[in-house]
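*Asks:* Structure, please.
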Amino acid sequence: MSTSPKCTTVRGADAEHRRRALLALERRAPGDAVRAALDAFADIDWRVRKEAAALVGRCADDAAIGLLVDRLARSEEPSIRGACLEAIALLGERASSALFETLARTPPGRRRFLIEALGETRAEAAVRVLSQIARESNPHEAVAAIDALGRIGGPRATEALLPLLQTPDRFLRLAVLDALERCRARIPWRLLGDHLAEPAARRAVVGLLGRCGDPRAVEPLLARLREADDALFVQTTRGLATLVAECPPAFDVLLERAPSLDARARAKLRRLVGDGPPQTRAAAALLLVASREVEALPQIASLAATEGLSPQARSALRRWGEPRAIALLEEPESDAAPGWERASRFATDGRRARLRGHVAPSAVEIEPDRARIGASAQSASPRTGSAGEGSPSLSVDALRALGDLLAERYGFALSDEAAFSVERRLRERLRALGIDSFADYCRHLRQHPDGPAELERAAELLTTHETYFFREPEQLRAFRDVLLPRLRERGEARGLRRLAVWSAGCSTGEEVYTIAMLVEESGLFEGWDVRIFGSDLSRRALAAARRAVYGASSFRAMPSGYERCFREVEDGLEVQPRLRAMCHFSRLNLLDGVRAAAAGRVDVVFCRNVLIYLLPEARRRVLDVLHARLLPGGYLLLGHSESLLHVTTAFEVVHAGDELVYRKPALGGSVG
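*Replies:* As a prediction, this is how the structure comes out:
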């Protein structure tokens with residue numbers, strides 16, 4: 001892309017000047033403004049491109065829509081394609097006719113982005129065409145069609161997707177499961193059983209199991225609960241609650257099987273009751289009662305008094321028979337609406353906020369660089385209970401002001417449900433600063449000289465880190481057995497005996513050292529310059545990574561045979577010096593492309609379980625940074641629940657054994 005704006009009508013060295021010039025032109029001459037906006041899709045600044053897409057979405061007539069679709073079909077520049085897709089999403093069904101016409105005259109193999117755009121229109125008329133493409137096209141176009149069906153949703157799209165579950169292509173089956181989950185489809189148990197063991201489909205399968213209405217789904221969901229990391233754990237907890245609420249026989253199975261939950265799962269459930277979103281709190285309380293967790297009774301009593309319990313949880317208390325549990329049933333419940341009802345009161349405001357860019361579409365928990373923020377709804381009135389009298393309460397307006405600051409700096413957002421968790425975690429900061437209200441705290445963050453440092457402290461308090469060695473082992477095996485041999489062969493061919501790997505969002509370092517173990521185990525890079533770079537936002541996490549001493553929880557998925565990689569120290573196991581010598585750590589905001597450039601160019605980026613918790617625009621900006629740092633032909637490894645569809649078109653999907661990874665096209669290559 002040029003280093004200067006390519007816009008033929010709106011010029012200026014400053015991006016904000018160009019953005020405002022577009023808006024001024026729209027007021028004077030909307031037709032000219034649309035043409036200028038289409039040119040501005042090539043602007044170097046994402047804010048100008050975003051404003052241009054919004055302007056086209058507001059003002060384009062049929063002729064301009066035709067130009068927009070033609071530009072999408074012809075452009076080779078990912079940022080231009082992204083702006084086209086964003087504008088088409090705003091136009092909706094109005095863009096479908098032009099897309100159908102262009103699709104009909106575009107040869108197979110070059111239609112992927114047009115197919116994605118059809119999904120953005122949400123036009124039911126596209127279901128038949130997309131279904132045919134999904135059955136007959138090359139894998140990249142078929143996956144785009146499947147994803148588009150998932151975005152359109154509804155009975156017709158679900159009906160078109162179901163037969164595709166039988167395809168022999170694993171890549172397509174995974175896409176179908178994700179699309180069906182996006183449709184919130186109700187799939188019979190008999191169609192899900194064959195997919196329970198598929199690691200890459202865990203998130204989709206959990207959602208589908210929760211809606212399948214079959215008591216046989218209880219056992220696999222409980223098994224997921226025992227294995228899941230934090231994000232999937234929350235989804236599984238809610239899936240079980242949905243299942244037993246809609247399928248009474250499943251409730252009996254849950255009461256029978258839940259007592260077998262292990263201590264780690266019970267501890268996570270107790271944490272969710274105290275620090276989760278309303279629906280998650282209620283679901284976690286149900287599972288704790290079903291598992292007969294006596295230690296959780298005080299938390300359950302507090303929840304019953306403030307937000308109420310679900311009917312299933314109250315029924316489970318009766319069936320438990322524990323005197324302290326029975327006593328909870330005799331106490332009057334709160335006059336407040338149940339938590340899941342109070343959460344819904346924010347739904348309309350939440351949708352409005354998303355349109356203003358405040359809230360990620362599915363943000364319930366936030367995980368910037370592996371960090372999670374538990375969430376809970378609250379009204380704008382002061383909260384009573386454990387906070388105590390006189391504690392500052394967090395209004396929705398203050399929450400959104402704080403969310404704006406966090407989104408601007410770090411790319412993640414706070415949903416309206418996050419109020420209780422944020423209030424609880426930041427209360428001590430207000431006391432330390434002598435600030436009486438969260439509104440004043442937000443003003444402090446914006447106006448005080450210490451504001452940026454305090455925002456960093458707030459982000460640190462709002463985040464906890466969930467990681468461990470050999471997380472998502474199937475993908476790691478593909479890295480060791482498939483990608484590393486390819487990278488060695490490529491390096492030898494180029495005469496460059498150098499391997500560079502970046503773990504973006506490395507948390508406390510377990511992933512970085514896992515990569516080092518796999519590189520050493522491969523035996524392919526002796527005598528090479530091997531550098532493994534880990535970055536994260538959290539100074540506390542990075543300090544732990546540099547120390548390289550770990551306790552038992554970090555080893556819960558560690559396969560045997562790697563004991564040689566550690567040595568015993570007083571408070572745990574320490575990574576051996578030979579592995580630590582390969583690894584380097586630095587604090588980095590993934591939105592900061594300038595600082596990221598200091599890491600140099602890399603062969604592989606691990607960015608797993610980070611993007612799904614960022615705002616859409618932040619995802620695109622982060623992926624631009626990662627793309628810029630990858631060498632041509634380099635690989636990007638995301639979490640199993642993550643996809644680049646509708647985020648960027650700059651990468652291609654390739655097989656790595658049984659796994660699917662993203663690759664930056666080699667020079668002269670194509671992603672089409």
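*Asks:* Pull the number of nearby residues for the closest residue to Gln576 other than its chain neighbours.
*Replies:* In space, and not counting its chain neighbours, Gln576 is closest to Cys565: 5.5 Å by C-beta to C-beta, 6 or more residues apart in numbering. Glycine gets a C-beta too; all of them are placed from N, C-alpha and C. Neighbours of Cys565 under the rule other C-beta atoms under 10 Å: 20.
*Asks:* for Arg619, same thing?
*Replies:* 22.
*Asks:* That one: which element?
*Replies:* helix 616-629 (DSSP states H and E).
*Asks:* hang on, the earlier thing: where does the residue nearest to Gln576 land on pLDDT?
*Replies:* Listed pLDDT for Cys565 reads 97.
*Asks:* residues touching it, list them.
*Replies:* If you count contacts by C-beta atoms under 8 Å, 6 or more residues apart in numbering, Cys565 has them with 513, 517, 520, 575-576, 579.
*Asks:* now with 10 Å?
*Replies:* Going by C-beta atoms under 10 Å, 6 or more residues apart in numbering, Cys565 touches 469, 513-514, 516-517, 520-521, 558, 573-576, 578-579.
*Asks:* before we move on, what about Gly434?
*Replies:* Asp440.
*Asks:* I'd like the distance between it and Pro392.
*Replies:* 12 Å (C-beta to C-beta, to the nearest Å).
*Asks:* hey, what's in contact with both of those two?
*Replies:* Common neighbours of Gly434 and Pro392 (C-beta under 10 Å, 6+ apart) are Asp440.
*Asks:* mind listing what's buried in the lengthiest helix in the chain?
*Replies:* Of all the segments of type helix in the chain, defined by DSSP state H, the longest one is helix 230-246. Using 16 or more other C-beta atoms under 10 Å as the test for burial, helix 230-246 gives 230-245.
*Asks:* so after that helix, what's the next helix or strand?
*Replies:* Assigned by DSSP H and E, the successor of helix 230-246 is helix 248-257.
*Asks:* which residues are contacting that following helix?
*Replies:* Residues contacting helix 248-257 (C-beta under 10 Å, 6+ apart): 210, 212-219, 221-223, 240-245, 247, 286-287, 289-292, 311-312, 315-316, 319-320.
*Asks:* Among these, which are located in helices?
*Replies:* 210, 218-219, 221-223, 240-245, 286-287, 289-290, 311-312, 315-316, 319-320.
*Asks:* Would you mind giving me the PyMOL syntax to select the buried ones in the contacts of helix 248-257?
*Replies:* Applying 16+ other C-beta under 10 Å to those, the buried members can be selected in PyMOL as follows:
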select buried, resi 210+212+213+214+215+217+218+221+222+240+241+242+243+244+245+247+286+287+289+290+291+292+312+315+316+320
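*Asks:* Show me what the longest helix of the chain is packed up against.
*Replies:* When contacts are defined as 3 or more C-beta pairs under 10 Å, 6 or more residues apart in numbering; DSSP states H and E, helix 230-246 sits against helix 202-210, helix 218-227, helix 248-257, helix 263-275, helix 278-290, helix 311-320, strand 371-372.
*Asks:* and the angle for the first one with helix 248-257?
*Replies:* If I follow you right, that is helix 202-210. 120 degrees (axes from the mean of the first three to the mean of the last three C-alpha atoms, to 10 degrees).
*Asks:* Return, as residue ranges, the portions of this structure with sub-threshold pLDDT.
*Replies:* 1-10, 228, 230, 330-391, 413, 417, 464, 667-672 (pLDDT under 70).
*Asks:* still on that earlier bit, now the helix holding Arg619: buried residues?
*Replies:* Here helix 616-629 shows 616-627, 629 as buried, counting by 16+ other C-beta under 10 Å.
*Asks:* Now the element after it, going C-ward?
*Replies:* strand 630-638.
*Asks:* Give me the distance from that following strand to the chain's centre.
*Replies:* 19 Å (C-alpha atoms, centre = their mean, to the nearest Å).
*Asks:* Which parts of the stretch 301-450 of the chain are helices?
*Replies:* 311-320, 323-330, 339-344, 347-355, 396-410, 419-433, 438-447 (DSSP state H, counting those that start in this stretch).
*Asks:* Now tabulate the ones you listed in TSV and tack on distance to Ala95.
*Replies:* Below are those laid out as TSV (distance: least, C-beta to C-beta, whole Å):
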stretch	distance to Ala95
helix 311-320	45
helix 323-330	55
helix 339-344	32
helix 347-355	19
helix 396-410	28
helix 419-433	37
helix 438-447	39
